[in-house]
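Undergrad: sequence and predicted structure, then a few things I'm wondering about:
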Amino acid sequence: MGSVGVEAPPFKVLGDTRPDDFSLPAFMVSTTRGFLPRADPIRKLPEEFDVFEDILQRMPVKTLSGEPGLLAQYKLGETVDKELPNLTDAVKKYKDNLPLQNALYRDYSFLASAYLLEPCHHKFIKGEPYGLGRDFLPANIAQPIAECAAICGFKPFMEYAGSYALYNYYLADQSKGMEYSNLRLIRAFEHGLDPTSSEAGFVLVHIDMVKNTGPLINGTMKAFDAASEPASDSIERRTRFNEGMGLMLSALQKINRTMETMWDKSRPTEYTSFRTFIFGITSQSMFPNGVVYEGLNDGKPLSFRGESGANDSIVPLMDNFLQVPMPVTPLTEILKDFREYRPTNHRGFLQWAKGCSLELDLKTYALAVHAKPTNVEEENLVNESRSYWIQLLNQVREFRWRHWCFAREYILKRTSHPTATGGSPIVTWLPNQLEAVLKEMVTIYDSVKGENGVDSTCTDIMDAAIRQRDTLRKEVDKYCAERGVTRP
Ligand code: HEM
């Protein structure tokens, strides 16, 4: 499987993820594991890192044994300063083992965030505002994290895929595979080593969703493959294009159903307490002057965005495939910035998919607005393409709408802190993209509804979407008024 030969250089999507090949990066897009790492994450570090491992195990608010850890006692900072050697040379020794470098990056980024945000956690549990985080990362964390992050192609700060979420699970029982109840976190800040905790649920639901991305990639590649064929056999071409979109649609439906399990797996009342540790530096009151990484950047402070699902690749893939236009606002600039915080291979794939969709003029082909089908079979296929396109947009809408509901129930109702972990403004940012999708749905529907009709599924979808747009506007206006926020 693999590569579509349009003008853009072909992108190699893996079929076999070659789990035993340590010369390849941990993250490479595949039709089997989708956006998950090529193999289950490495859990155990080599023995040179034993002291580091020991601190990591003692770190969480609640350790694996259930005892309070260093973060519960406000002792992580002094423990790191006293006990942790600078292991940069040991990191370099394993430079050719890329999945191991990713495991090191995950572990150092956990320690870096815990170290920087420990004071804020202690303010938070006393019911006070976050105050200031530590603005200095000592060499024993700063230098090894810079080393392994550079080798893996990450920024030297916690990210969603490479660290907190997608490279942070193991299978309790190897024979049971990736079923939800068999997944455990490798690292956690608060109570996440207990699989029934809200922190574990929050992370594991992301993994459980991304687990379904193999078929999404497979469908995407099939749709691109079909559309890039010569137009001579238009029936065959469109049949295969529709098959690809059909696979994408069923994958997205499954992903959205899994997302809905968040409500049970992670309680809305508990999110704000573990999230203290996943905030970033950029646009956060806890780090007004950035953070100095000892021995790096000539002593000048650095700033990175925090961990966020905004760095997941499912929705950006759909935005790019469907060519969803985003408004020209400062909020959209944040969306673009988020897309820098992901594995290099994911980034390459998303950019390639965007170029491919534009180059193939996929939207025009799918909607075939002024097409004059020569027979009933072709007409039916064209209507099917239109229907799939609208249904795919509807899945992106559903994802973003549920997301707005998460933001409302887990965050807006619990805290007045104005920025999310990734540094986006909490009231206006998610609606910026959700409104863009709703607008695109209306535009597309208006362009095709007179064209011999679209099926009744689409009519129902549009009725619901238009009602939702009105509800969203009212809710955002209410939160803006309450918090004195103006929409950019
Ligand atoms: C309790 C559950 C969740 C909460 C409270 C939450 C919160 C947020 C917030 C506040 C943002 C804004 C960006 C920022 O961090 O600055 C965001 C963005 C995002 N999150 Fe989540 N999230 C949740 C679950 C998920 C899940 C399960 C996924 C699945 C991959 C996900 C994927 C995304 C995506 C794709 C965006 C960007 C949205 C867009 O492009 O419009 N989130 N999330």
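TA: Arrived safely.

Undergrad: what helix or strand is Pro37 located in?
TA: When secondary structure is defined using DSSP states H and E, no element contains Pro37, which sits outside every helix and strand.

Undergrad: residues near it, how many?
TA: The local packing count at Pro37 equals 24, with neighbours defined by other Cβ atoms under 10 Å. In this view, the C-beta of every residue, glycine as well, is placed from N, C-alpha and C.

Undergrad: for the nearest residue to it once chain neighbours are set aside, grab the count of nearby residues.
TA: Nearest residue to Pro37, sequence neighbours excluded (Cβ to Cβ, 6 or more residues apart in numbering): Ala26, at 4.5 Å. The local packing of Ala26 (other Cβ under 10 Å) involves 26 other residues.

Undergrad: how about Leu87?
TA: In terms of burial, Leu87 registers 21 neighbours under the definition other Cβ under 10 Å.

Undergrad: can you pull the contacts of the residue nearest to Pro37?
TA: Under the criterion of Cβ atoms under 8 Å, 6 or more residues apart in numbering, the contact list for Ala26 reads 37-39, 41, 98-99, 102, 152, 162, 167, 343.

Undergrad: how would you label Arg347: helix, strand or coil?
TA: Going by DSSP: H, G, I helix; E, B strand; the rest coil, the secondary structure assigned to Arg347 is helix.

Undergrad: for it, give its distance to the ligand.
TA: Noted for Arg347: a distance of 15 Å to the ligand, by Cβ to the nearest ligand atom, to the nearest Å.

Undergrad: state the pLDDT value of that residue.
TA: pLDDT, Arg347: 97.

Undergrad: do the same with Pro9
TA: Per-residue confidence (pLDDT) for Pro9: 63.

Undergrad: now Phe406. Nearest residue, chain neighbours left out?
TA: Take Phe406 and drop its neighbours on the chain: the residue closest to it by Cβ to Cβ, 6+ apart is Met262, 6.7 Å away.

Undergrad: residues near that neighbour, how many?
TA: Based on other Cβ under 10 Å, the number of other residues close to Met262 is 25.

Undergrad: next up, the contacts around the residue nearest to Leu87 when sequence neighbours are not counted.
TA: With Cβ to Cβ, 6+ apart as the measure, Pro144 is the residue that lies nearest to Leu87, at 5.4 Å, once sequence neighbours are left out. Pro144 makes contact with 86-88, 90-91, 104, 108, according to Cβ under 8 Å, 6+ apart.

Undergrad: could you redo the last one with a cut-off of 6 Å?
TA: Applying Cβ atoms under 6 Å, 6 or more residues apart in numbering, one finds that Pro144 lies in contact with 87-88, 91, 108.

Undergrad: just Gly34 next, same as before
TA: Shown here is Gly34, whose contacts under the criterion Cβ under 6 Å, 6+ apart are 213-214, 217.

Undergrad: near the ligand, which residues of the stretch 251-400 of the chain show up?
TA: Selection of the stretch 251-400 of the chain residues close to the ligand by Cβ under 6 Å from any ligand atom yields 259, 262, 266, 271, 308-310, 312, 314-315, 335, 400.

Undergrad: specify which member of those residues is nearest to Arg347.
TA: Lowest distance from Arg347 to those (Cβ to Cβ) belongs to Asp312, with 12.6 Å.

Undergrad: residues contacting that closest one?
TA: The contact partners of Asp312, by Cβ under 6 Å, 6+ apart, come to none.

Undergrad: just Ala407 next, same as before
TA: Remark: with contacts taken as Cβ under 6 Å, 6+ apart, Ala407 is in contact with Leu430.

Undergrad: and the gap between it and Ala90?
TA: The spacing between Ala407 and Ala90, counted by Cβ to Cβ, to the nearest Å, is 41 Å.

Undergrad: swap in Tyr160?
TA: Taking Cβ to Cβ as the criterion, Tyr160 is separated from Ala90 by 26 Å.

Undergrad: higher neighbour count, those two?
TA: With other Cβ under 10 Å as the criterion, Tyr160 and Ala90 differ in neighbour count, and Tyr160 comes out ahead with 27 against 18.

Undergrad: tell me how far the residue of the stretch 201-350 of the chain found nearest the ligand lies from Arg43.
TA: Checking the stretch 201-350 of the chain residue by residue against the ligand with Cβ to the nearest ligand atom singles out Gly309 as nearest, at 2.6 Å. As for Gly309, its distance to Arg43 is 23 Å (criterion: Cβ to Cβ).

Undergrad: looking at the two, which one has more neighbours?
TA: Gly309 (21 against 14).

Undergrad: which of the contacts of Pro144 tops the neighbour count?
TA: Of all the contacts of Pro144, the highest neighbour tally under other Cβ under 10 Å goes to Tyr108, namely 29 neighbours.
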